[in-house]
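Participant: give me coordinates for this.
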Amino acid sequence: MPIWRYVYGIISTDEQAIFEVGSIDGHGDVYTIDEGGLAVVTSDVDNASFQGLGRTEAIRFLSAHQRVLETVRRDYTVLPVKFGTTLPDEARLRVLLRHGADLFRDALKSFAGKEQYEVVVLWDVAQVFQLIAADERIVAVKQHVANLPPEQLEGGRVLLGQLVHGALQERRKAIATEVLAALHDLAEDTIENPLMDDSMVSNMALLIDEARAADLDEKLSALDERFAGKLQIRCVGPLPPYSFATLEVQPPPAEAVEDARLRLGLDETTSALAIKSAYRRLAARAHPDHNPDNAGAGAAMEALTAAYKLLAAVAQAQAQAEAGDDCLCHLDREAVESTLLLNLKRQEIAL
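Facilitator: Residues are numbered from 1 along each chain as shown. Next up is the predicted model:
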């Protein structure tokens, strides 16, 4: 069975390292492959893919992935790579480092000395509903609804429900705004994550300079005192900057690249300039403004533009891997499958 390389993250180092932490599958070492002052944190795995896992298994692997990154973070600034990323061999890991060298250096520099904290604020929903039910406006409407004739009761109850929901949202927004205001000046960056259920008032990721971690503790204690224990404030961290920068690595879909190549009428060996020229030439003829009687012109133009964007991304990736802007672009299947598309993504849902 071929051995693949699981990719956890990128760090800045020119030394080989082995980390004292269990790997994604619990077998073998977590180690680095370095080139040009950058290194991939990796381990050997049998799985070529971690997609399609059951919930329990996915949580187990994800927890192992995070443990590795949090171990690495103790000694290095780490750029997290998306959970489940694998590459076939060491050679492809080195292509990754060459391809993304500038991107990785810039990201690692921007996150040096900074840590992510997750702050979740919870309340007792039943207690909050009791407070809302005692509000004069709600009491008045409830009494009014109770006196409605039978044929109007349903509408009155709907109105009452809407008022209660609105009051709940107002209270939640007011508290969340106050919490954010108290922490905003402390954080280099913030992300407000979705609320998972009614018990959540606020769910945010904060990017904080490591020197100000004690300030965060003080501010959270002040908030707890301000709300007199009526809220539960939970803080997890320090963590790698999962929410603010997670690297996605994937080869372009070979079939889609071939379809795009044929759509633009290009040879398997071409260049970024030829790709752009072909697109402009075809777009000038296919644009809906030039085909007012063709109902499918809009869709055809969208397909042409999508094809151009995909080929342009492949050309750029290959140029970066070869450390040059003027190299040829190879669109044959073998070359495409050896190309890596990189996307540094800001997550709106924290891990």
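
Participant: strands of the stretch 251-351 of the chain, residue ranges please.
Facilitator: Taking DSSP state E, counting those that start in this stretch, the strands of the stretch 251-351 of the chain run over residues 269-270, 329-330, 341-345.

Participant: now swap in the chain and tell me
Facilitator: In the chain, the strands defined using DSSP state E lie at 4-12, 18-19, 30-35, 38-45, 78-80, 86-87, 114-123, 189-192, 200-209, 231-239, 246-250, 269-270, 329-330, 341-345.

Participant: may I have the strands that pair with the second one, each with its orientation?
Facilitator: Next to strand 18-19 in the sheet, as set by DSSP bridges, lie strand 30-35 (antiparallel).

Participant: returning to what we had before: quick one: closest of the strands of the stretch 251-351 of the chain to V128.
Facilitator: Closest to V128 of the strands of the stretch 251-351 of the chain, according to CB to CB: strand 341-345, at 35.0 Å. No exception for glycine: its C-beta is placed from N, CA and C like everyone else's.

Participant: average pLDDT across the closest one?
Facilitator: Regarding strand 341-345, the rounded mean pLDDT is 89.

Participant: any low-confidence regions in the stretch 1-150 of the chain?
Facilitator: Scanning the stretch 1-150 of the chain for pLDDT under 70 picks out the ranges 1, 48-49, 145.

Participant: switch to 90 and redo it
Facilitator: 1-4, 14-15, 25-28, 45-61, 84, 88-89, 91-92, 95, 98-102, 123-150 (pLDDT under 90).

Participant: thinking again about what came up before, TSV for the strands of the chain, including distance to A300 and mean neighbour count?
Facilitator: Putting the strands of the chain into TSV (distance: least, CB to CB, whole Å; neighbours: other CB atoms under 10 Å) gives the following:
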stretch	distance to A300	mean neighbour count
strand 4-12	38	23
strand 18-19	52	14
strand 30-35	43	19
strand 38-45	41	22
strand 78-80	39	26
strand 86-87	36	19
strand 114-123	44	21
strand 189-192	38	16
strand 200-209	42	21
strand 231-239	46	15
strand 246-250	27	17
strand 269-270	22	16
strand 329-330	24	22
strand 341-345	25	15
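
Participant: is it possible to export those to JSON lines including distance to R263?
Facilitator: Formatted as JSON lines, the strands of the chain follow (distance: least, CB to CB, whole Å):
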{"stretch": "strand 4-12", "distance to R263": "32"}
{"stretch": "strand 18-19", "distance to R263": "46"}
{"stretch": "strand 30-35", "distance to R263": "36"}
{"stretch": "strand 38-45", "distance to R263": "35"}
{"stretch": "strand 78-80", "distance to R263": "35"}
{"stretch": "strand 86-87", "distance to R263": "29"}
{"stretch": "strand 114-123", "distance to R263": "42"}
{"stretch": "strand 189-192", "distance to R263": "38"}
{"stretch": "strand 200-209", "distance to R263": "41"}
{"stretch": "strand 231-239", "distance to R263": "43"}
{"stretch": "strand 246-250", "distance to R263": "21"}
{"stretch": "strand 269-270", "distance to R263": "13"}
{"stretch": "strand 329-330", "distance to R263": "15"}
{"stretch": "strand 341-345", "distance to R263": "19"}
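
Participant: looking at the ones you listed, which is closest to Q318?
Facilitator: Closest among the strands of the chain, using CB to CB: strand 329-330, at 5.6 Å.
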